[in-house]
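Enquirer: Could you work out the structure for the sequence below:
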Amino acid sequence: MKTIPPALQNHLHSGTTTLAWCWRITRADSVAFGFTDHDRVLAFDGTEFEPESGLTASEIRSGADLSVDAQDAAGALRSDRISETDILDGHWDNAEVELWRVNWQSPGQRVLMRRGAIGQIRRGRHAFVAEIRSMSHILGQTVGRIFQASCDAALGDARCGVDLADPAFRGVGTVIDGMRDRAFTASGLGGFIAGWFRFGTLTWTTGPNSDRRAEVLAHDRNYGIAVLTLLETTIRPIGAGDDFTIRAGCDKRIAICGAKFGNVVNFRGFPHIPGQDTILRYASQDGGHDGGVL
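Expert: Numbers count the residues shown, from 1 in each chain. From the prediction side, this is the model:
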């Protein structure tokens with residue numbers, strides 16, 4: 001339930017209103033931006049709200065359950081403060097959003113309508129569409145441990161304990177040539193067997209994608225040359241001569257944990273937990289139905 005300030009309530013009762021929408025967006029780097037659909041600058045709480053920024057909002061999709069409410073904010077890249085480079089580099093991802101209803105003649109008369117976060121940003125040639133998710137999207141995040149056969153630790157973190165700085169698990173390579181949008185050949189990795197970097201991570205050190213990290217989907221060898229395929233297409237094109245560091249990957253199974261890393265003592269899964277095949281099995285005439293483990 002929202003409490004409307006008395007002054008704003010009186011304005012609404014007057015029958016003739018001067019209302020505008022204001023969006024305040026605070027990025028992860030704590031930089032705040034203000035936008036409004038009004039035709040002049042509005043200011044309150046230390047934020048100036050830029051007019052005619054090209055930002056327009058769709059209707060709010062909400063429900064009475066705990067599903068994630070959503071709203072789309074669409075706009076052309078006209079604001080000097082919204083750069084395509086910042087969008088590509090992820091500076092606007094998961095930014096906090098406040099949506100205000102404001103009396104533009106007296107900005108002190110305002111009410112906070114909703115809070116949320118920027119989700120997926122779909123980018124076109126001349127415009128972007130940002131999905132604004134309600135705070136209930138946090139309820140969909142995993143909290144605590146999950147009982148599963150595979151390990152739930154991140155390779156190299158404190159729970160895992162594997163030292164990814166070890167030369168056995170770390171390589172330095174250079175792009176030779178691009179094969180597809182996500183695949184390329186690379187030099188410098190001849191000492192590693194095929195599949196060693198599968199499910200690993202790659203960090204670009206030079207080139208247009210410098211400092212960005214990517215997940216490795218596949219690691220093959222073709223006549224002694226490493227062939228890497230990334231999980232997702234890079235933001236900017238991969239070019240010959242781009243350097244990177246790459247770290248070994250883990251498929252979260254206890255067999256790989258032991259054979260590849262010698263780290264079974266820190267395995268964070270439950271490899272002997274019964275699977276779906278056990279649940280779906282039925283009694284037969286072959287005996288063995290003594291209450292023991294199937």
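Enquirer: Quickly note the distance from the spatially most central residue of the chain to Gly262.
Expert: With distances taken as C-alpha atoms, centre = their mean, Asp93 lies nearest the centre of the chain, 7.2 Å away. Using C-beta to C-beta, to the nearest Å, Asp93 is found at 37 Å from Gly262. (Each C-beta comes from the backbone N, C-alpha and C, glycine too.)
Enquirer: what do you get for Gly161?
Expert: Distance from Gly161 to Gly262, by C-beta to C-beta: 11 Å.
Enquirer: ok, the two, which is more surrounded?
Expert: The residue with more neighbours, out of Gly161 and Gly262, is Gly161; 13 against 9, by other C-beta atoms under 10 Å.
Enquirer: Quick one: low-confidence residue ranges for this structure.
Expert: The model of the chain has pLDDT under 70 over residues 1, 52-82, 122-129, 134-142, 278-279, 281-294.
Enquirer: can we see that at 50?
Expert: Along the chain, the model assigns pLDDT under 50 to residues 54, 59, 64-66, 68-70, 75-77.
Enquirer: Regarding it, what is its longest strand?
Expert: In the chain, assigned by DSSP state E, the strand with the most residues is strand 110-123.
Enquirer: which element is Thr229 on?
Expert: According to DSSP states H and E, Thr229 maps onto strand 225-230.
Enquirer: got a list of contacts for that strand?
Expert: When contacts are defined by C-beta atoms under 8 Å, 6 or more residues apart in numbering, strand 225-230 is touched by residues 173, 176, 179-180, 182-190, 192, 197, 202, 214-221, 246.
Enquirer: 6 Å instead?
Expert: 182-183, 185-186, 189, 214, 217-220 (C-beta atoms under 6 Å, 6 or more residues apart in numbering).
Enquirer: Can you mark which positions in that strand are buried?
Expert: Neighbour counts over strand 225-230 (16 or more other C-beta atoms under 10 Å) mark 226-228, 230 as buried.
Enquirer: and if you look at stretch 187-198?
Expert: Of the residues in stretch 187-198, those buried (16+ other C-beta under 10 Å) are 188-189, 192, 196-198.
Enquirer: Looking at the residues you listed, which are in strands?
Expert: Those of the buried residues of stretch 187-198 lying in strands (DSSP E): none at all.
Enquirer: Would you mind giving the domain segments of the protein?
Expert: Using automatic domain parsing, the domain ranges for the chain come out as 6-140, 167-247.
Enquirer: Tabulate those (JSON lines), appending distance to Ala154.
Expert: Listed next are the domains of the chain as JSON lines, based on distance: least, C-beta to C-beta, whole Å:
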{"stretch": "domain 6-140", "distance to Ala154": "19"}
{"stretch": "domain 167-247", "distance to Ala154": "10"}
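Enquirer: With respect to Phe147, which of the ones you listed lies nearest?
Expert: domain 6-140 (18.8 Å; C-beta to C-beta).
Enquirer: Now do the end-to-end distance for stretch 233-241.
Expert: Taking C-alpha to C-alpha, to the nearest Å, the first and last residues of stretch 233-241 lie 18 Å apart.
Enquirer: before we move on, what about stretch 222-238?
Expert: 19 Å.
Enquirer: thinking again about what came up before, in the longest strand of the chain, what counts as buried?
Expert: Across strand 110-123, burial judged by 16+ other C-beta under 10 Å covers 110, 114, 116-119, 121.
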